[in-house]
Each structure stands twice: as structure tokens, then as C-alpha cells.
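In: Have a look; sequence and predicted model below, questions after that.
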Amino acid sequence: MVSQIHPDVEATATEIASMEIRGAATIAEAAARALRVQAEESDADDPREFDRELRRAARRLLDTRPTAVSLPNSLRYVFQRLAGDTVEERRASVVDGAREFCERLDNAQDDLGAIGANRLRDGDTILTHCHSTDALSCVEAAREQGKSLNAIVKETRPRKQGHITARQLREMGVPVTLIVDGAAGRYLDDADHVIVGADSIAADGAVINKIGTRSLAVTARERDTPIVVAAQTIKLDPATLSGHTVEIEMRAEKEVIGEDERDSIGEITVENPAFDVTPPRYVDAIVTERGQFPPESIVTLMRELFGEQIRTPWEN
């Protein structure tokens with residue numbers, strides 16, 4: 001019997017791949033909810049077949065965004081709670097695990113924001129890159145504390161996620177200056193902090209984030225502008241404990257150039273990497289819901305959360 005993937009899982013996978021669902025925390029929550037639906041709607045009458053369906057659904061979700069480590073971490077959390085001798089018992093354990101994960105996710109961002117807000121002083125100017133709900137949670141918490149802030153927002157090509165950041169900052173009452181990506185160096189002297197998010201963080205403290213983060217961090221270090229990475233612990237990549245190399249997602253060239261433009265230029269190669277890797281030496285602090293850490297200390301937190309042996313139950 002071929003294990004069936006529920007239509008909601010397929011729809012979620014499609015939306016994650018197309019970036020209709022974006023942001024590490026949002027992706028993680030969507031994946032956990034999709035796995036919950038797979039469990040709730042399964043017609044399997046044998047525990048082994050039920051488990052096969054779950055693993056197949058998990059692999060379908062994992063194929064969508066290879067760099068978004070929050071996705072396997074959410075699935076790992078749910079699978080770790082899979083238990084019981086019958087289908088009903090195992091179904092209940094998945095439903096409970098997914099619900100617990102989403103509840104923890106909701107609290108994590110608030111806790112992270114409160115910790116990150118302590119780095120921001122009244123009157124500070126921040127400079128952002130791409131769009132990160134974790135980074136913005138620090139700003140929101142600071143605003144709730146009554147702090148006045150200003151923001152310089154990079155538009156972040158080719159998808160211009162910076163426009164989302166600009167809009168949400170304005171909704172918080174933060175004055176925004178929107179700039180093109182190449183102008184960041186000109187404005188770093190006006191910024192007190194660079195605040196970015198992360199799609200994943202390696203055991204050595206290297207930060208994998210939207211393409212352009214590394215060049216921004218290098219320039220910020222040259223200007224002595226502190227760079228803070230706001231990232232929930234779901235973005236820590238436990239696979240890197242065993243020497244796994246982070247895979248960088250390459251996206252479609254149509255995000256960079258249209259067909260007519262391409263034809264007018266002539267034969268060229270177009271590459272569109274979604275992320276780059278910022279070495280830990282360019283990062284001042286990583287803020288999580290568990291506290292602030294220098295990059296070189298993140299491996300201690302990772303071992304505390306995940307242990308030395310990394311489980312990949314969807315491959316069994």
C-alpha cells in the first residue's frame with residue numbers, strides 16, 4: 001500500500017516553496033500544523049503504515065526549503081513525541097506534539113523580543129536587512145518599553161522583503177528611511193546597531209541568512225557598528241554538530257531578470273543564491289529566547305537542546 005500525503009500537506013509544501021509562507025518561525029509552525037493534519041486525517045489502520053505516512057509527509061515538506069533549518073527542527077520536535085502501540089495513541093501523540101510546539105513557538109518570540117530590546121537605547125537608529133519577525137520582535141518590545149527608535153531599511157533585492165519590514169516598522173510608530181542595498185555603507189555611520197534575523201545558525205556560530213548579510217556584516221565591523229542576530233532556537237542547525245555542510249538554496253532566475261531583459265542582453269548565466277554565510281567573527285551577539293550569546297558559545301546551547309546525536313526519524 002502506498003502511503004498517502006494529505007492535500008493540506010501538499011498545499012503547505014507548495015506555499016513554503018513559493019515563499020507564500022516565509023520566515024523561519026512561520027515555516028516551522030506551518031510544517032508542524034501540516035504534520036498534525038496528516039496524523040488527524042490518516043486512514044491507516046496499522047501503526048507501521050501510519051508512521052510511513054508521517055515520514056513521507058515530512059520528507060515532502062523538507063524538500064521545499066533546504067536551508068530553512070526551522071523546518072526539520074519542527075518536524076524533529078513532533079517526531080520525538082511520537083509514541084503508543086495503536087494508531088489512535090500515535091495519532092494523539094502527534095497532535096499533542098504539534099500543538100505544544102506551536103505554543104512554545106508563540107512564547108519564544110515574545111521572550112526573544114524582551115531580551116533583544118535590552119540592547120536598544122532610547123533614540124537609537126537600527127539598520128535592517130531583509131525581513132525577520134525575530135528582529136522586529138526586539139524593536140516591538142523596545143517600543144512597548146517607551147523607547148524612541150529610528151530605522152534604516154535595506155530594500156533587499158531581488159524580492160524586496162525590506163518593504164515588508166518598512167511597513168511593519170511604520171505600524172510600530174518607527175520612522176523609516178528606505179535605501180537600496182548598495183547604499184548600506186553610506187548609512188552605517190548613522191546606525192547604532194545592525195539587526196538581522198537568520199534562517200539557520202551553525203555550531204561554530206556562523207549565520208546563514210538572506211544573501212547580502214555577509215557583506216553588510218563585514219562593512220559594519222569595519223565601521224564599528226555592532227551587528228546583532230535575532231534568532232529563535234528553532235533556527236540552530238543541529239546537523240552541523242557532526243560536520244554537515246549547510247546547503248545554500250538557489251532560486252529561480254526569473255526573480256532576478258525577466259525573459260525579455262534576458263533576451264535583450266544575450267547569452268548569460270544567471271545565478272540567484274537565496275542565502276550567504278556570515279562567519280562568527282563579524283557577529284557581536286546572537287539573541288535567542290534563551291538569552292544572548294557570543295557566536296562561539298552557541299555550540300553549548302545547541303548541545304543542551306539537541307544532544308550530540310542528531311535524529312532524522314523521517315529517513316527511517
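Out: Yes, it's here. Residues are numbered from 1 along each chain as shown.

In: quick one: buried residues of stretch 308-316?
Out: 310, 314 (16 or more other CB atoms under 10 Å). For every residue, glycine as well, the C-beta is placed using N, CA and C.

In: I misspoke; the intended subject was stretch 54-65.
Out: Buried positions in stretch 54-65, judged by neighbour count with 16+ other CB under 10 Å: 54-58, 60-62, 64-65.

In: Can you tell me which of these is nearest T156?
Out: Closest approach to T156 among the buried residues of stretch 54-65 (CB to CB): R65, at 17.3 Å.

In: residue contacts, that closest one?
Out: 16-17, 27, 71, 249 (CB atoms under 8 Å, 6 or more residues apart in numbering).

In: Let me have the buried residues of stretch 54-65 in CSV, extended by secondary structure and pLDDT.
Out: As requested, the buried residues of stretch 54-65 are exported to CSV (DSSP: H, G, I helix; E, B strand; the rest coil; pLDDT from 0 to 100):
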residue, secondary structure, pLDDT
L54, helix, 96
R55, helix, 95
R56, helix, 95
A57, helix, 96
A58, helix, 95
R60, helix, 95
L61, helix, 95
L62, helix, 91
T64, coil, 90
R65, coil, 83
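
In: Among those residues, which one lies nearest to D8?
Out: Closest approach to D8 among these (CB to CB): A57, at 9.5 Å.

In: How much space separates that closest one from A98?
Out: Using CB to CB, to the nearest Å, A57 is found at 12 Å from A98.

In: repeat for V87
Out: Using CB to CB, V87 is found at 16 Å from A98.

In: who's more crowded, the two?
Out: A98 (26 against 19; other CB atoms under 10 Å).

In: about what we covered before: are any of the contacts of R65 buried, and if so which?
Out: Buried members of the contacts of R65, scored by 16+ other CB under 10 Å, are 16, 27, 71, 249.

In: Give me the buried positions along stretch 266-278.
Out: Those would be 272, 274-276, 278, for stretch 266-278 by 16+ other CB under 10 Å.

In: Next step: these restricted to strands.
Out: Within the buried residues of stretch 266-278, residues falling in strands by DSSP state E are 275-276, 278.

In: And those, which is closest to T219?
Out: Distance ranking of these against T219, using CB to CB, places T278 first at 11.6 Å.

In: May I have the residues that are in contact with the closest one?
Out: For T278, the contacting residues are 206-209, 213-214, 217, by CB under 8 Å, 6+ apart.

In: Now for those: which two are most distant?
Out: I208 and A217, at 12.2 Å, using CB to CB across the contacts of T278.

In: what sits against A166?
Out: Going by CB under 8 Å, 6+ apart, A166 touches 151, 153, 176, 178.

In: Can you say which helix or strand has it in it?
Out: Using DSSP states H and E, A166 falls within helix 162-171.

In: Quick check: phi and psi on A230?
Out: For A230, the backbone dihedrals (degrees, to the nearest 10) come out as phi -100, psi 120.

In: Does it touch I195 like I think?
Out: Yes - the criterion here is CB atoms under 8 Å, and A230 meets it with I195 at 6.2 Å.

In: okay, and the common contacts of the two?
Out: With CB under 8 Å, 6+ apart, A230 and I195 have common neighbours 116, 132, 135, 138.

In: The first one falls within a helix, correct?
Out: Yes - counting by DSSP: H, G, I helix; E, B strand; the rest coil, G116 is located in a helix.

In: pretty sure it contacts E140?
Out: No - taking contacts as CB under 8 Å, G116 lies outside contact range of E140: 9.7 Å.

In: So those two - more neighbours on which side?
Out: G116 (28 against 22).

In: which neighbours do A57 and A98 share?
Out: Joint contacts of A57 and A98 (CB under 8 Å, 6+ apart) are L35.

In: quick one: pLDDT of H244?
Out: You'll see H244 listed with a pLDDT of 67.

In: domains of this protein?
Out: 7-111, 113-306 (automatic domain parsing).
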